[in-house]
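S.K.: kindly return the folded structure for what I paste below:
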Amino acid sequence: MQQQGDRATTDPAAPRAAVPLAWSVASLAFCSLYLWLAVRPELFYPDVGGVPFFQWGTTFFSDSVAIPGGLAGYAAALVSQTLRSGLLGALAVAANLQLLGSLAGACWRLLTHRPGTWVAPAITVLGMMPFVRYGNFLPAVEALIAASGVALLGARFAPRAVGPRAALYAAAVIGLYQAAGVVSLAFVALCIGLEAGHGSGGPGGAGEADAPRRVDRLRLLPIAAAVAAALAAPLAVGVWWAELTLPEALSCGAPWSPDRPDSGAGWAVALVVAFPAGVALALLGLPGLACRLGAGWTARVRPALARGMLAVAIAATPFFSHNRDARDALCVLESGRRGDWRQVLHLASRMAPAGYPLGVVATVNKALLAEGTLLDDMFGWPQPPGTPPELLFQAGFGERLRASSRGARLAIFLATPSLSLELGLANEAEHEAYEAWGTFGPQVPVLRQLALVNLVKGRPAAASVFLRDLARCPGEQAEARAVLERIARDPGLTGWPYIRRIRSRLRRTEEDPNRQGFRTSMEALVAVDPANVAAADLLVAEALLTRDLDRVAAALPRLGAAGRRRLPRHCHEALLIREAHLGKKPDLGGWEVDAGTASRFRTFTSASTAALNAGGPGAVAELAARDYPDTYYRYYLFTAAGPRR
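M.R.: From the prediction side, this is the model:
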């Protein structure tokens, strides 16, 4: 007995068995910490590429699983709800990736009879890559988990008889397509590996690792059944049963789906391709060949070197793949959703101007508007020329927006709250919410805006429908139920200051939002409420962007009626240009003006004249960008703005 105990304590297999566990724990800890501290899961916002829409209840579940890939999508949407919690979201994503890596490692060992301790951490880190690029591809991860899990169950429990096994494979392929979408068809590659009898002698077999690699002709029947089912599944289940188009049937739940964002899609496709590629490597016998090449005097050095290189690769790959521009932009949007406008401006000032997406431009403009400095500082920030003001200020939804611009407007609407309702444009707010619903499906920001619009318009019954939908969304229950209780106590909501304030700004007549341009909408709001400072500022900002100097001068009384006493810097600069170019001297009586603005304009006029004589218009543009980057006269001459540092 003592001798047996000594042998057990000195068994060399014990430390070898602990190596895969150590790798798994290390990769799980690394992924969790990197996602939590560097990626910050809470930055993912509700949309088709961030946090998928999810509701508790049987209705949403049945609607989800009725379409191909719906069950994997449902599971991914449920897991994605944890992203808002930061650390919990990082742990949930890392745990799913670790599960996928463990299953992939088990499949590798089954196919090759080699330890493959590197497979699980490699798949785990590869699965993390789409997330460090800020793309949520959990549906593909869940589909691969299902495919590898079913393959392992098939290897363990599939009947030895060829006919029943072929029928089982075909049924599994059809079921996986319905449950997990087209990505789950990676199961077919695993079936081919199992039936090739490489290392394990096939399902139910007990072949040796070094047995001759041949494929029994009878085993071609299960392979043919799996391949035929994979080809038929999109047509039979997707097109015929679910009534999808063929492109939709071939992309449901896939990283290459046209409704997915580009960010991280390449890494997600690589993760999917890794499964058939791994099977191909196993069938070609490359793992055994590598082991034989590594034998000899390097046998003791090579494993340690390989582990070290793998550890370095695991640590370095996410670092070099991290999309930091996307992270900075998402930080700005997240601060905007919280209404922390000073933080918005602080974070945006650290971004490279070339990396400003339209969502960041709109959020920065909203921050300037909220801080009361839009007409003083807006040209110290990028303002893409030719962009409709509905996009730059995220307000209004007029017919000027082309189809491509509407898509961008709706995407920005999901990323950060719209200004339309806050300004008093209830019809436009309702219109954009319904269009976002039609484009992206139900989303939390859409339900929230529709509830508020109906409350503002005095339709508590309609608002209650959307509030009850919100109450079934994770994280929204408390707020939605509180508003429902308030409606029960006061159906007219006369005691809610926020609702009263917006109602006071509403236009007196109902207008079709499609027929209202941005300028017309702002003019109507100012006519209803001259003290609507935001609408007056946006009206002047639109005139500045279109370089209509006469309208800027005509808008000064409206700014005064809105309560301004100091002439905003960009308005003063526009009036100086108007006087210099058109000879129209403005009446600045009653306005507080900054003498430094006029002095700076005179300096620019002299310097630009000298630059024009010396180097032409290019020299003037260089002068303006270098010494006057945040001025309106730079924008007026060259339609260029910012950055202000």
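S.K.: when you work out contacts or count neighbours from here on, use the C-alpha atoms and nothing else.
M.R.: Will do.
S.K.: isn't Leu91 right up against Ser32?
M.R.: Yes - between Leu91 and Ser32 there is a contact under Cα atoms under 8 Å: 5.3 Å.
S.K.: so where's the protein uncertain?
M.R.: The chain contains residues with pLDDT under 70 at 1-20, 46-49, 116, 197-219, 256-321, 355, 396-411, 415, 507-516, 643-645.
S.K.: after the helix or strand encompassing Ser606 comes which helix or strand?
M.R.: Element membership of Ser606 [criterion: DSSP states H and E] is helix 595-615. As assigned by DSSP H and E, the chain's next helix or strand after helix 595-615 is helix 617-627.
S.K.: which residues are contacting that following helix?
M.R.: With contacts defined as Cα atoms under 8 Å, 6 or more residues apart in numbering, helix 617-627 is touched by 608, 611-612, 634, 638.
S.K.: what is the next helix or strand after it packed up against?
M.R.: Using DSSP H and E, the helix or strand that directly follows helix 617-627 along the chain is helix 632-638. Under the contact criterion of 3 or more Cα pairs under 8 Å, 6 or more residues apart in numbering; DSSP states H and E, helix 632-638 touches helix 569-582, helix 617-627.
S.K.: what comes up buried for helix 632-638?
M.R.: 632-636 (16 or more other Cα atoms under 10 Å).
S.K.: about what we covered before: and the contacts of helix 617-627 as a markdown table, adding distance to Ile145?
M.R.: A markdown table is the format used below for these (distance: Cα to Cα, whole Å):
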| residue | distance to Ile145 |
| --- | --- |
| Ser608 | 65 |
| Ala611 | 65 |
| Leu612 | 66 |
| Arg634 | 56 |
| Phe638 | 54 |
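S.K.: nearest to Leu358, of those residues?
M.R.: Distances from Leu358 to the contacts of helix 617-627, taken as Cα to Cα, are shortest for Phe638 (20.0 Å).
S.K.: mind checking how far the closest one is from Glu622?
M.R.: Distance, Phe638 to Glu622, using Cα to Cα, to the nearest Å: 10 Å.
S.K.: ok, how many other residues are close to Gly86?
M.R.: Neighbours of Gly86 under the rule other Cα atoms under 10 Å: 18.
S.K.: that one: what's it in contact with?
M.R.: Applying Cα under 8 Å, 6+ apart to Gly86 gives the contacts 36, 40-42.
S.K.: now the buried members of those residues.
M.R.: For the contacts of Gly86, a burial check counting by 16+ other Cα under 10 Å picks out 36, 40-42.
S.K.: out of those residues, the closest to Leu28 would be?
M.R.: Looking across the buried ones among the contacts of Gly86 and measuring by Cα to Cα, the closest to Leu28 is Trp36, at 12.1 Å.
S.K.: what distance do you get for that closest one to Ala94?
M.R.: To Ala94, Trp36 is 10 Å away according to Cα to Cα.
S.K.: do the same with Glu195
M.R.: Remark: distance between Glu195 and Ala94 (Cα to Cα) = 32 Å.
S.K.: compare those two (neighbour count), which wins?
M.R.: Between Glu195 and Ala94, counted using other Cα under 10 Å, Ala94 has the larger neighbour count: 26 against 22.
S.K.: which stretch of helix or strand covers the more buried one?
M.R.: In the assignment (DSSP H and E), Ala94 maps to helix 87-112.
S.K.: likewise Tyr34?
M.R.: Per DSSP H and E: helix 13-34 holds Tyr34.
S.K.: following that helix in sequence, what is the next regular element?
M.R.: Immediately after helix 13-34, counting by DSSP H and E, sits helix 58-65.
S.K.: now for the next helix or strand after that following helix, which elements pack on it?
M.R.: Per DSSP H and E, the first helix or strand lying C-terminal to helix 58-65 is helix 70-80. On a contact count with 3+ Cα pairs under 8 Å, 6+ apart, helix 70-80 meets helix 58-65, helix 87-112, helix 138-157, helix 162-180.
S.K.: can you report phi and psi for Glu592?
M.R.: Main-chain dihedrals, Glu592, degrees, to the nearest 10: phi -80, psi 120.
S.K.: tell me how far it lies from Ala462.
M.R.: Distance of Glu592 to Ala462, computed by Cα to Cα: 48 Å.
S.K.: how near is Gly253 to Ala180?
M.R.: According to Cα to Cα, Gly253 and Ala180 sit 7 Å apart.
S.K.: of those two, who's got more company?
M.R.: Taking neighbours as other Cα under 10 Å, Gly253 and Ala180 compare with Ala180 leading, 32 against 29.
S.K.: what residues are up against that one?
M.R.: Applying Cα under 8 Å, 6+ apart, the residues near Ala180 are 68-73, 139, 142-143, 146, 253.
S.K.: just checking, what packs against the helix or strand harbouring Ala224?
M.R.: Taking DSSP H and E as the definition, Ala224 sits inside helix 220-233. Here helix 220-233 touches helix 162-180, helix 186-195, going by 3+ Cα pairs under 8 Å, 6+ apart.
S.K.: apply 6 Å and report the result again.
M.R.: The helices and strands touching helix 220-233, judged by 3 or more Cα pairs under 6 Å, 6 or more residues apart in numbering; DSSP states H and E, are helix 162-180.
S.K.: for the helix it packs on, output the C-alpha coordinates as PDB.
M.R.: The C-alpha trace of helix 162-180 is given here as PDB (Å, rounded to 0.1, in the frame of the first residue of the first chain):
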ATOM      1  CA  VAL A 162     -23.700   3.200 -40.800                       C
ATOM      2  CA  GLY A 163     -27.300   3.700 -41.800                       C
ATOM      3  CA  PRO A 164     -28.600   5.000 -38.400                       C
ATOM      4  CA  ARG A 165     -25.500   7.100 -38.000                       C
ATOM      5  CA  ALA A 166     -26.000   8.800 -41.400                       C
ATOM      6  CA  ALA A 167     -29.600   9.500 -40.400                       C
ATOM      7  CA  LEU A 168     -28.500  10.900 -37.100                       C
ATOM      8  CA  TYR A 169     -26.000  13.200 -38.700                       C
ATOM      9  CA  ALA A 170     -28.500  14.500 -41.200                       C
ATOM     10  CA  ALA A 171     -31.000  15.200 -38.400                       C
ATOM     11  CA  ALA A 172     -28.400  16.900 -36.300                       C
ATOM     12  CA  VAL A 173     -27.400  19.200 -39.200                       C
ATOM     13  CA  ILE A 174     -31.000  20.200 -39.800                       C
ATOM     14  CA  GLY A 175     -31.600  20.800 -36.100                       C
ATOM     15  CA  LEU A 176     -28.400  22.700 -35.600                       C
ATOM     16  CA  TYR A 177     -29.200  25.000 -38.600                       C
ATOM     17  CA  GLN A 178     -32.700  25.800 -37.100                       C
ATOM     18  CA  ALA A 179     -31.300  26.300 -33.600                       C
ATOM     19  CA  ALA A 180     -28.000  28.100 -34.300                       C
END
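S.K.: what secondary structure does Pro442 sit in?
M.R.: Per DSSP: H, G, I helix; E, B strand; the rest coil, the secondary structure class of Pro442 is coil.
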